[in-house]
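Undergrad: Show me the folded form of this:
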Amino acid sequence: MDIEGLHHITLVCHEAARTVDFYTRVLGLRFVKKTVNFDDPGAYHLYFGDRTGSPGSAITFFEWKWAPRGVWGLGGTHHFALGVVDRAGLLKWKRRLIDLGVRVSGPLDRHYFTSIYLQDPDGAIVEIATQGPGWTIDEEPEALGMALRPPPEAMTIANRDTARIAAETWPEPVPTIDAEMALSHGMHHITAIGSDIKRTDAFFGDLLGMRRVKMTSNFDDPDSAHWYWGVGPGRPGTIITYFERPRERPATIGAGQTHHFALSVPSDEAQLAWREKLVKAGLGVSPVMDRIYFKSIYMRDPDGHIIEIATRGPGFAIDEPLESLGQALRLPPWLEDQRSEIESTLTPLDPTMSVGTADARGSMRS
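TA: This next block holds a predicted model:
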């Protein structure tokens, strides 16, 4: 019943069409499912990911047109990261995004990977991070996460050279997303904010059985602890990280902020076993909920962040062919008799938007 890694992250957006355009045309993810929030069927629930929307690649959005701007803070997510192979791919992304009018920070050396940062149309912070060099750059594999590893001083100094960082980019325009850039590796990590890093460690490490792979500090705020948990050797796609900020303002869910993130388990049986364990540990845990493409249970971390445990399958091709994912509005069986009413409340989306794919396409056409 081990946690396998990340499953998805769900954020809030203001406008579905604008969000689809950004995550498909700009970032090249595939639009894998157009459905509604099963608990609020008057609102879209949009899913993006790799070719199949596999666990760990899925970025999803509730469209809440009425929602105010969300605020990151205590009990919420600070950002999520998508993975790219190497620094060359990262620099191509910087050039492509800037040419498209997207503001980019970085590249910044995070010792274990290199990153750039941007914001989506609602202000959600998105990081693009390289796959390596990885956690063993300063610890042996068997000793990961056992000792405090402060950021190297030389790296900290280099990250303050704003002029050099701003000038570092790919020398030529990048009109298409090539294989070196493709975000087909899914998420790299999710970073949230907590008030007590040891209490967070007890939650993810002792209770959920994830491995602590690094104890360091926030490279931009050295007085704030920054710990990482993952699966196995801490491969990208399994990583949850937390900043310890006990005096931070509380997070506010709204446009540009995370509603919840989900961890993956292999089966219904494993999920039920987790539910029993969590209930016995005294957590408030939801009943199992059928999300058609997976099943879910929900709980909260010690600071109130909503965390889901979701099954791997059956996946997004259960109700439409793989080649046409995301092109038609799909509803669960119990909402089909309300289809006309539901469709009348939703702003139609251009079906051609579904052609974005993390494996190749993503032109700079406007």
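
Undergrad: Just the pLDDT for the residue with the largest distance to the centre of the chain.
TA: Most distant residue from the mean C-alpha position of the chain: Asp337, 33.0 Å away (Cα atoms, centre = their mean). Looking at Asp337, its pLDDT is 97.

Undergrad: Compute the distance between it and His45, please.
TA: 19 Å (Cβ to Cβ, to the nearest Å). C-betas here are computed from N, CA, C, even on glycine.

Undergrad: Check which helix or strand Arg199 maps to.
TA: Assigned by DSSP states H and E, Arg199 falls within helix 197-201.

Undergrad: how close does the residue farthest from the centre of the chain sit to Ser344?
TA: 14 Å.

Undergrad: do the same with Arg245
TA: Taking Cβ to Cβ, one finds Arg245 at 44 Å from Ser344.

Undergrad: can you list contacts of the one helix or strand in the chain whose mean pLDDT sits lowest?
TA: In the chain, no helix or strand scores lower on mean pLDDT, DSSP states H and E than helix 153-158, which sits at a mean of 90. Residues outside helix 153-158 that contact it (Cβ atoms under 8 Å, 6 or more residues apart in numbering) are Asp109, His111, Arg164, Phe219, Pro222.

Undergrad: same deal with stretch 329-340?
TA: Outside stretch 329-340, the residues within contact range by Cβ under 8 Å, 6+ apart are 33-36, 38, 41, 290, 292, 319-320, 342-343, 346.

Undergrad: Between the residues you listed, which sits nearest Pro250?
TA: Lowest distance from Pro250 to those (Cβ to Cβ) belongs to Phe38, with 26.9 Å.

Undergrad: What's the first helix or strand after the helix holding Arg199?
TA: As assigned by DSSP H and E, the chain's next helix or strand after helix 197-201 is strand 211-218.

Undergrad: Can you give the contact residues for that next one?
TA: With contact meaning Cβ under 8 Å, 6+ apart, strand 211-218 is reached by 111-112, 135, 139, 144-151, 201, 204-205, 223-234, 239, 243.

Undergrad: which helices and strands sit right next to the helix holding Arg199?
TA: In terms of contacts (3 or more Cβ pairs under 8 Å, 6 or more residues apart in numbering; DSSP states H and E), helix 197-201 is packed against strand 221-230, strand 239-244.

Undergrad: thinking again about what came up before, of all pairs in the contacts of helix 153-158, which one spans the longest distance?
TA: Maximum distance among those (Cβ to Cβ): 20.8 Å, for Arg164 and Pro222.

Undergrad: Which one's more surrounded, those two?
TA: Remark: of Arg164 and Pro222, Pro222 carries more neighbours, 13 against 10, as counted by other Cβ atoms under 10 Å.

Undergrad: who's in contact with Val36?
TA: Counting by Cβ under 8 Å, 6+ apart, Val36 touches Gly42, Ala43, Tyr44, His45, Leu329, Leu331, Leu335, Ile342, Leu346.

Undergrad: Try it again at 7 Å.
TA: For Val36, the contact set (Cβ atoms under 7 Å, 6 or more residues apart in numbering) comprises Ala43, Tyr44, His45, Leu331, Ile342.

Undergrad: Looking at these, which two lie furthest apart in space?
TA: Across the contacts of Val36, the longest distance by Cβ to Cβ is 12.8 Å; it joins Ala43 and Leu331.

Undergrad: for stretch 252-259, which positions count as buried?
TA: Within stretch 252-259, the residues that count as buried by 16 or more other Cβ atoms under 10 Å are Ile253, Gly254, Ala255, Gly256, Gln257, Thr258, His259.

Undergrad: circling back: who's more crowded, Arg245 and Ser344?
TA: Legend: neighbour count by other Cβ under 10 Å for Arg245 and Ser344, higher for Arg245 (19 against 8).

Undergrad: Could you measure from the more buried one over to Leu108?
TA: 19 Å.

Undergrad: What number of residues are in the vicinity of Ala317?
TA: A count of neighbours around Ala317, defined by other Cβ under 10 Å, yields 17.

Undergrad: Likewise for Asp86?
TA: Counted with other Cβ under 10 Å, Asp86 comes out at 12.

Undergrad: what's near enough to touch it?
TA: Neighbouring residues of Asp86 by Cβ under 7 Å, 6+ apart: Thr130.

Undergrad: which residues does Pro314 contact?
TA: Listed by Cβ under 7 Å, 6+ apart, the contact partners of Pro314 are Tyr293.

Undergrad: Give me the pLDDT for it.
TA: Pro314 is assigned a predicted lDDT (pLDDT) of 98.

Undergrad: what does Met1 give?
TA: Looking at Met1, the pLDDT reads 79.

Undergrad: That one is in contact with Ala270, isn't it?
TA: Yes - if you go by Cβ atoms under 7 Å, Met1 and Ala270 touch, sitting 4.1 Å apart.

Undergrad: If you count surrounding residues, which of the two has more?
TA: The neighbour comparison of Met1 against Ala270 (other Cβ under 10 Å) goes to Ala270, with 18 against 15.

Undergrad: What does the more buried one show for phi and psi?
TA: phi -60, psi -40 (degrees, to the nearest 10).

Undergrad: Numbering from 13 from now on, please.
TA: Okay, residue one is now 13; in that scheme the one you just asked about reads as Ala282.

Undergrad: Now do the contacts for the spatially closest residue to Ile318 that is not a sequence neighbour.
TA: Nearest in space to Ile318, with sequence neighbours left out and distances taken as Cβ to Cβ, 6 or more residues apart in numbering, is His272 at 3.7 Å. By Cβ under 7 Å, 6+ apart, His272 lies in contact with Thr22, Ile318, Ile319, Glu320.
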